[in-house]
Structure formats: structure tokens, C-alpha cells
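S.K.: Predicted model, plus sequence, below.
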Amino acid sequence: MKIGFLSKHDPTNPRAWSGTPHYMLKALEDCGGEIQVLAPIDVPWLEQAGRAVNFASRTLLKKRIRAQEFLSLPKLYGGIGDRMISETDPDVLYCPAASSIIPFLKTDKPIVYTSDATFSLMRDYYDRFSDLWASSSEKANRFERLALERSDLIVYPTEWAAKSAVEDYGISRKKIRVVPYGANLTEEPDGVTDRFESDVCRLLFLGVDWERKGGEIAFEALEFLTQKGLPVELVVCGCIPPENFNHPNLRVIPFLNKREREDRLRLIELLETSSFLLLPTRKECYGIVFCEASAYGLPSITTDTGGVSGVVTNGVNGYTLPPEDRGEAYGKLIYQLLENRENYLELRTKTRLEYDTR
């Protein structure tokens, strides 16, 4: 079978869309068959012009314009996609995060579409989908509906996203499957290491956006646990906190590149030697990082928002707290979980088991 991997993102680039298309491509290749990469599909100069218009609109009018809808880019993307398809003649199309390409495809090839959210869920949730002009929002919704209707099979990683496709776009549940995304790992870890060799509770905050990932709340949890007398360290990896966040037990690693062996080994060490992944995220569609933490038996302490509860199950591979909870609530939970060594070890074991069996 010839599978056409059709995407706006370049699946050969491990950094595109957090690396998800890259690892999807690798997984398909491991399954056998012939994979034809029909990506990236883009019009760089026109997209740049759209971003400039959006910047001007946000600056002057405090409203956002999505370049894709403003310039009707899906029509161009569809034409580019059809040319690639006719040149390669695949049997089926696999289209991750391709809602801007699918609507105007003229091909009769079966389309398998996957994404972690719908436009309806993203609107007014993520900042870049907030304060949109009504016309931009209406077009985006129309293109989303066309993409979903055009697809023969739709795969979502969470019930949160699947429910939106049914309720917000009238899509038949019969052509939707919920299949959780996996970890973006080059090598699978052997098992769970003994983190109790250290007397220090290491909290790993792993993310590039301090504010959206809930960095301030993680910092509050550090302060609470310090006041409780628990030996604790908060390791922030992937971003730099604002200058006013200072603490002797705060360690910052601005960036690690998974493609560089030394950085990759350093990240693995953090995952192997931390006590919890602490990520009180404010907005999240899924969170591949939770899958990666589970692979290392590292329980996640996070927020019940967006699609997170589709990745982290309370008492299985971590806990999700209400969005309104602050650092003290996170700190109290962590303190309670560490009070009983056997219970904590069991949680770690279940965390890895969740990764193995999901």
C-alpha cells in the first residue's frame, strides 16, 4: 500500500508541530508499506504577508486576522496538494493537522485526518485564536467543517476533541476514532529508575512557554514545599522565567535540543531522576510531554483543562487539578504523595504501565 503523508508541516523536521508529524512518519514507516511525503504544503511569501496584516490589525485595532482565512489559502493549499497527489498516486492519504489543506482537495483518494482539536475548541482558548474578526472566525469554522466532512476517517487523541467534532460540526461518530498519541521518543526507556536514591524532591517543569504552561503556579508550589521543610528543587527546562522569579532551589535550563546527543542525554537524565513532572498548564489540547513522562515512570501533576484528562488519568499516571487551583494545592498534593513511599512507588509503576498498555 502506498500512503501519501499530506501535511502543512514538514515531517522530516523533528521540531515541526512539536515533532508529532516526524514521529508519526517514523511509526508509519515501521509498519511497512511505501510512504510518500507530500509536505510541506505552504506558500511562504503569502503567509508572511498574512502575518504582517495580522500584526497591523492586532496593533492598531486590537483584533486578529488569521492569514489562512483572510487570503483564502486553503484553496491554494488544495491545488498544491492535488498536484502532489497526481504525481505520486498514493492509495490513501494520511493528513495530520491538515484542516487548511483538505477542504478544497479534488482527489478521490481516501482521506485519514488527525488533529488534537477543532477550531471551535481553539477559538478564545489559545491566545492566537482569541479576539478574531467575525469574518475570520466564520471562515475558519467553515473550512474546519469542510475538512471534517471531506475526510473518510477522523482520528483524535482525546474524547474532548471527538465530542467537539460531533456536537459543533455535526460529524457522524461512526467515522471518528479516538486513538491517543504516543511519546515522541527516539529510544524507549527500559523501565523505572529508583528516584528515592536522592533525598531531594525534584520537580520538572518542561515547556517553552512559562506563562501558558503555568510557571507561576509551579513556582508557588516550590515555595509552599520549601516552607513545609521538604528538600525540593524545581528544574525549569525549555524557557527562562521572568526576573522576579528567584529562589535558591530554582534551576533553569533554557533549552535542550533533542537532535543533539548531549542535550538529548541530559533531558533523559532529567526525566529519569525527577520525582514529578509539574506542569500546571493553563491551555493544552493534548500534551505529548505527558506521554514522554509516562515512558519514564514519571507521574504528571497538571491541570484538568482542554484534552489533558485524555492523557493523564488521576491515580494512574498522575493527577489533574482544577484550573482555579494555585501552587498551594499542587504543593499539598505532592507532599501527600511523597509521605508514603510505597504509594509513590506504586504510582510510578502504574505510570509506566499506562505507557506500555495504552
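M.R.: It's in. Bear in mind the structure is a predicted one, so any value in this text is a computation, not a measurement.

S.K.: For the rest of this, base every contact and every neighbour count on C-alpha atoms.
M.R.: Noted.

S.K.: my hunch is that Val236 is in a strand, does that hold up?
M.R.: Yes: judged by DSSP: H, G, I helix; E, B strand; the rest coil, Val236 forms part of a strand.

S.K.: Could you tell me the end-to-end distance of stretch 189-204?
M.R.: The straight-line separation of the ends of stretch 189-204 (Cα to Cα, to the nearest Å) is 18 Å.

S.K.: nope, stretch 225-232 is what I meant
M.R.: Between the start and the finish of stretch 225-232 there is a gap of 7 Å, counting by Cα to Cα.

S.K.: which stretches of the stretch 151-300 of the chain form strands?
M.R.: 153-156, 176-178, 201-206, 232-237, 250-253, 276-279, 300-303 (DSSP state E, counting those that start in this stretch).

S.K.: Select, out of those strands, the one closest to Ile3.
M.R.: strand 153-156 (14.3 Å; Cα to Cα).

S.K.: partners of that closest one, with directions?
M.R.: strand 111-114 (parallel), strand 176-178 (parallel) (DSSP bridges).

S.K.: tell me the domain boundaries of the protein?
M.R.: According to automatic domain parsing, the chain comprises the domains 2-178, 195-357.

S.K.: mean confidence score for the first one?
M.R.: In other words, domain 2-178. If you average the pLDDT over domain 2-178, you get 95.

S.K.: Give the residue farthest from the middle of the chain.
M.R.: Residue distances from the centre of the chain (Cα atoms, centre = their mean) peak at Gly229, which lies 34.3 Å from the mean C-alpha position.

S.K.: Could you report the pLDDT at it?
M.R.: Confidence score, pLDDT, at Gly229: 96.

S.K.: tell me the contacts of the residue nearest to the spatial centre of the chain?
M.R.: Among the residues of the chain, the one closest to the centroid is Gly287, at 3.8 Å (Cα atoms, centre = their mean). Taking Cα atoms under 8 Å, 6 or more residues apart in numbering as the criterion, Gly287 is in contact with 308, 311.

S.K.: returning to what we had before: quick one, which of the strands paired with strand 153-156 is packed in tightest?
M.R.: strand 111-114 (a mean of 22; mean count of other Cα atoms under 10 Å).

S.K.: what's the following helix or strand after that strand?
M.R.: Using DSSP states H and E, the helix or strand that follows strand 111-114 towards the C-terminus is helix 119-122.

S.K.: Could you identify the helix or strand that succeeds that next one?
M.R.: helix 134-150.

S.K.: hang on, the earlier thing: can you tell which of the domains of the chain is closest to Glu188?
M.R.: Ranking the domains of the chain by distance to Glu188, with Cα to Cα as the measure, places domain 195-357 first at 7.3 Å.

S.K.: For the helix or strand hosting Ile85, name the packing helices and strands.
M.R.: Here Ile85, judged by DSSP H and E, is contained in helix 73-88. Helices and strands touching helix 73-88, by 3 or more Cα pairs under 8 Å, 6 or more residues apart in numbering; DSSP states H and E, are strand 34-38.

S.K.: CA atoms only for the strand it packs on, dumped as CSV, please.
M.R.: Listed in CSV are the C-alpha atoms of strand 34-38, where the atom choice follows Å, rounded to 0.1, in the frame of the first residue of the first chain:
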residue,chain,number,x,y,z
GLU,A,34,5.5,2.7,0.9
ILE,A,35,5.3,6.2,2.4
GLN,A,36,5.3,9.2,0.1
VAL,A,37,5.9,12.5,1.8
LEU,A,38,3.6,15.2,0.3
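
S.K.: Give the buried residues for that strand.
M.R.: Along strand 34-38, the positions that meet the burial threshold by neighbour count (16 or more other Cα atoms under 10 Å) are 35-38.

S.K.: Please tabulate those residues in CSV, including the columns distance to Gly79.
M.R.: What follows is the buried residues of strand 34-38, written out as CSV (distance: Cα to Cα, whole Å):
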residue, distance to Gly79
Ile35, 21
Gln36, 18
Val37, 16
Leu38, 13
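
S.K.: Tabulate the domains of the chain in JSON lines, adding columns for distance to Pro189.
M.R.: Shown next, in JSON lines, are these (distance: least, Cα to Cα, whole Å):
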{"stretch": "domain 2-178", "distance to Pro189": "16"}
{"stretch": "domain 195-357", "distance to Pro189": "6"}
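
S.K.: So for stretch 142-160, what gets flagged as buried?
M.R.: Of the residues in stretch 142-160, those buried under the neighbour-count criterion (16+ other Cα under 10 Å) are 143-151, 153-160.

S.K.: Out of the strands of the stretch 151-300 of the chain, flag the one nearest Leu333.
M.R.: Across the strands of the stretch 151-300 of the chain, Leu333 has its closest neighbour in strand 300-303 (8.7 Å, Cα to Cα).

S.K.: Quick one: mean pLDDT for the closest one?
M.R.: So the average pLDDT for strand 300-303 ends up being 99.
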